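Dropping a prediction and its sequence here:
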Amino acid sequence: MYLLDFVGVFAFGISGGLVGVRRHFDIFGILTLAFVTALGGGIVRDLLLGLTPPANIQNLPLVLTALGAGLLTFFVEGTIAKLRRAVLIADAIGLGAFTVTGSLTAIANGSTGLEAILVGVITATGGGVIRDVLAGRPPSVFSRELYALPALLGAILTDAAARFGVLDIPVVGRLVVWGLVVLVFGLRLAAIRFRWKSPTPPRASHE
Amino acid sequence: MYLLDFVGVFAFGISGGLVGVRRHFDIFGILTLAFVTALGGGIVRDLLLGLTPPANIQNLPLVLTALGAGLLTFFVEGTIAKLRRAVLIADAIGLGAFTVTGSLTAIANGSTGLEAILVGVITATGGGVIRDVLAGRPPSVFSRELYALPALLGAILTDAAARFGVLDIPVVGRLVVWGLVVLVFGLRLAAIRFRWKSPTPPRASHE
Amino acid sequence: MYLLDFVGVFAFGISGGLVGVRRHFDIFGILTLAFVTALGGGIVRDLLLGLTPPANIQNLPLVLTALGAGLLTFFVEGTIAKLRRAVLIADAIGLGAFTVTGSLTAIANGSTGLEAILVGVITATGGGVIRDVLAGRPPSVFSRELYALPALLGAILTDAAARFGVLDIPVVGRLVVWGLVVLVFGLRLAAIRFRWKSPTPPRASHE
């Protein structure tokens, strides 16, 4: 599970760094975007749950992974841009890992049901929203291929599995957790592959 | 009081959803904007007061009200836009309700005076600011007809009423609370009706 | 130390107010920008450390200083704009003071090392980032002369000084704290004077 966290943090860090490079921010801005994209969702999760200081600002290996990803985009943005597919796959892994760990953290702190679901989705999507706000663009989660929906489904199922005691069964529980991560990951990849998009409103009057 | 909360959440949810529809966000973006506009001010209130997890992410009826309002804008934005007047009135009710409940929550948690006043204003205006930041536009509270000032006045009077023990008197206290909500509501409506605006600076040099 | 806080709050308040005036916000928007720029970094610091309600919303003199600075920009923006140099110097004092007090607050609450460093930098730069997000512009800390780097260095040295017990020595400790503030201040002034900038990425592919 811990390994997945690193993959997620690295992928989200790359995604934040790339946005910073394209906005012509300086190295500090790029590292900051990598930091908040990778660790911001988890920081908001901990603030909502009253877990202070947030684990993500105490964990040196995770912070270095996020900053390392940012540094990489600074130096080899062009190469990474060509690896678009690999970045999307890593980002989908992060989405799955953060959804499940976010919900599990909530549940472990006594927040089940609605709270666990909302916290899971916020953990998975919050970093990207902060990234886009700092970069001055509309949150990409509001308009691209299904992103929040796989997270929402994963969070609901994680809460259900915990509620029915499935996660307490020694080996099965662990397998279910991994299955949930793979499910969110797979749904996200399918959404990209088949261009599944959330519906947009039919037509809007002008403001 | 609890009923007023629902009216406020519904009205703020409509306001958030409308902005999302006009920005051509997808259904998830629209529901998110409805959620943060309606419940974001109260979430920030609870984070400032150390009340975690925030009540608004635990309250299923309130969350469903906010999301229902967002869903409504998704389907019938055009009709709602024509009901502009009704939306403004509901929003003014929300402003009054959130100001008073925000300050009262602060006072109930031992934060009187300056804190109660600031928390009241932040509860009432915070959701709209988050909405505008996510939608990539300047906070409307910074430029339209008086919005924060009625909230500020209501929060100051709520704190004063609590300080002088008025709110502890059985029936009178309840009446005063309702009177404060009506006062903020009425001032906001008057501001819209008579186009009262906050002063803007005379002339600005260029950056 | 407390005096420095006031100088910092005043300078940051001016900086926030100026942005509001130039964005043609109304008086409430200008005062809000002055407030969040001056006090927002410290509020985020306290939320991260679990210190609620945040000290900055309880401290009437500090709040009045921030609002007074905002009011000043409202009335005499043109004059202040000419005093650009004085504003930059005051801002650099604020940067130094907030970095050191931010890290010291973290350390006093048991958050040493990585946390103290991150909290110091966030305290010093967070208010400006919130200001820029509310004003709809990219965070200036991401692109101008060295700003975060002096803060980062100051926070690292503050943590190191605390770790080696230097700050506990009666007179020396106090001198070291002042020395650290002056160091951050001096580095920032030198960065402005000699136009030291953080490196930007060589070339970016297009999104």
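Alright, I've got the coordinates.

The spatially most central residue of chain A: what secondary structure?
Central residue of chain A (Cα atoms, centre = their mean): residue A:124, 3.2 Å from the mean position. Following DSSP: H, G, I helix; E, B strand; the rest coil, we place residue A:124 in the helix state.

Surely it touches residue A:101?
No: when contacts are counted by Cβ atoms under 8 Å, residue A:124 is not listed as touching residue A:101 (9.0 Å). Every C-beta, even on glycine, is put in place using the N, C-alpha and C of the backbone.

Report the mean confidence score over the helix or strand hosting residue A:179.
In the assignment (DSSP states H and E), residue A:179 maps to helix A:170-193. For helix A:170-193, mean pLDDT is 93.

How about stretch A:20-36?
For stretch A:20-36, mean pLDDT rounds to 93.

So what would you say the end-to-end distance of it is?
From its first residue to its last, stretch A:20-36 covers 11 Å (Cα to Cα, to the nearest Å).

Could you list the contact residues of chain A toward chain C?
A:20-30, A:32, A:43, A:47, A:50, A:52-54, A:57-60, A:63, A:73-75, A:77-78, A:81, A:133-136 (Cβ under 8 Å from any Cβ of the partner chain).

and chain B, which of those contact it?
Applying Cβ under 8 Å from any Cβ to those, those adjacent to chain B are A:47, A:50, A:133, A:136.

for residue A:138, phi and psi?
Main-chain torsions, residue A:138, degrees, to the nearest 10: phi -60, psi 140.

so how many other residues sit close to it?
Counted with other Cβ atoms under 10 Å in any protein chain shown, the neighbours of residue A:138 add up to 17.

Kindly state the pLDDT recorded for it?
We have a pLDDT of 89 for residue A:138.

can you check the one 5 residues further on too?
In this model, residue A:143 is scored at 78, pLDDT.

ok, it to residue A:126 distance?
For residue A:143, the distance to residue A:126 (Cβ to Cβ, to the nearest Å) stands at 17 Å.

List the residues that contact the residue nearest to the centre of chain A.
A:41, A:94-95, A:98-99, A:102, A:148, A:151, A:155, A:184 (Cβ atoms under 8 Å, 6 or more residues apart in numbering or on different chains).

again, only this time at 7 Å
A:41, A:95, A:98-99, A:102, A:151 (Cβ atoms under 7 Å, 6 or more residues apart in numbering or on different chains).

just the helices in chain A please.
Secondary structure of chain A by DSSP state H: the helices cover A:2-22, A:27-49, A:60-82, A:84-108, A:114-134, A:148-163, A:170-193.

Show me what the last one is packed up against.
This means helix A:170-193. helix A:84-108, helix A:148-163 (3 or more Cβ pairs under 7 Å, 6 or more residues apart in numbering or on different chains; DSSP states H and E).

buried set for that helix?
Across helix A:170-193, burial judged by 16 or more other Cβ atoms under 10 Å in any protein chain shown covers A:176-177, A:180-181, A:183-185, A:187-189, A:191-192.

try the shortest one
Of the residues in helix A:148-163, those buried under the neighbour-count criterion (16+ other Cβ under 10 Å) are A:148-159, A:161-162.

which one of the residues you listed sits closest to chain C?
residue A:148 (21.4 Å; Cβ to the nearest Cβ).

Distance across stretch A:74-91, terminal residue to terminal residue?
Chord length of stretch A:74-91, first to last residue, is 18 Å (Cα to Cα).

quick one: which of the contacts of residue A:124 is most hemmed in?
Neighbour counts for the contacts of residue A:124, by other Cβ under 10 Å, peak at residue A:99, which reaches 35 neighbours.

you'd agree residue A:88 is up against residue A:191?
No: at 10.5 Å, residue A:88 and residue A:191 do not qualify as touching, with contact defined as Cβ atoms under 7 Å.

coming back round to it: give me the more crowded residue out of residue A:143 and residue A:126.
Set residue A:143 next to residue A:126 and count neighbours by other Cβ under 10 Å: residue A:126 wins out with 23 against 17.

residues in contact with that one?
By Cβ under 7 Å, 6+ apart, the residues touching residue A:126 are A:40-41, A:44.

how does it look with 8 Å?
In this structure, residue A:126 makes contact with A:40-41, A:44-45, judged by Cβ under 8 Å, 6+ apart.

cool, residue A:56 as well?
Each residue near residue A:56 by Cβ under 8 Å, 6+ apart is listed here: A:39, A:42-43, A:46, A:62-63.

ok so, going back, from the contacts of residue A:126, list just the buried residues.
In the contacts of residue A:126, burial by neighbour count holds for A:40-41, A:44-45, counting by 16+ other Cβ under 10 Å.

one step back: ok, so of the contacts of residue A:56, who is nearest chain B?
The shortest approach to chain B among the contacts of residue A:56 belongs to residue A:46, at 9.5 Å (Cβ to the nearest Cβ).

Could you report the pLDDT at that closest one?
Taking residue A:46 on its own, its pLDDT is 96.

got it, and residue A:151?
95.

ok, now which ones touch residue A:167?
A:104, A:161, A:173, A:176-177.

residues in chain A within reach of chain B, list them.
Within chain A, the residues that sit near chain B (Cβ under 8 Å from any Cβ) are A:47-50, A:106, A:111, A:113-115, A:118-119, A:129, A:133, A:136-139, A:141-143, A:147-149, A:197-201, A:203-207.

Give me the contact list for the helix holding residue A:179.
A:1, A:4, A:88-89, A:92-93, A:95-97, A:99-100, A:104, A:124, A:145-147, A:149-151, A:153-154, A:157-158, A:161, A:166-167, A:196-197.

between it and helix A:148-163, how many degrees?
Per axes from the mean of the first three to the mean of the last three Cα atoms, to 10 degrees, the angle that helix A:170-193 makes with helix A:148-163 is 170 degrees.

now residue A:92: how far from chain C?
Here the criterion is Cβ to the nearest Cβ, to the nearest Å. By it, residue A:92 lies 20 Å from chain C.

And residue A:200, by the same measure?
Taking Cβ to the nearest Cβ, one finds residue A:200 at 21 Å from chain C.

Quick check on that residue: phi, psi?
Dihedral pair for residue A:200: phi -110, psi 160, per degrees, to the nearest 10.

what's it in contact with, if anything?
Taking Cβ under 8 Å, 6+ apart, we find residue A:200 in contact with A:143, B:24-27.
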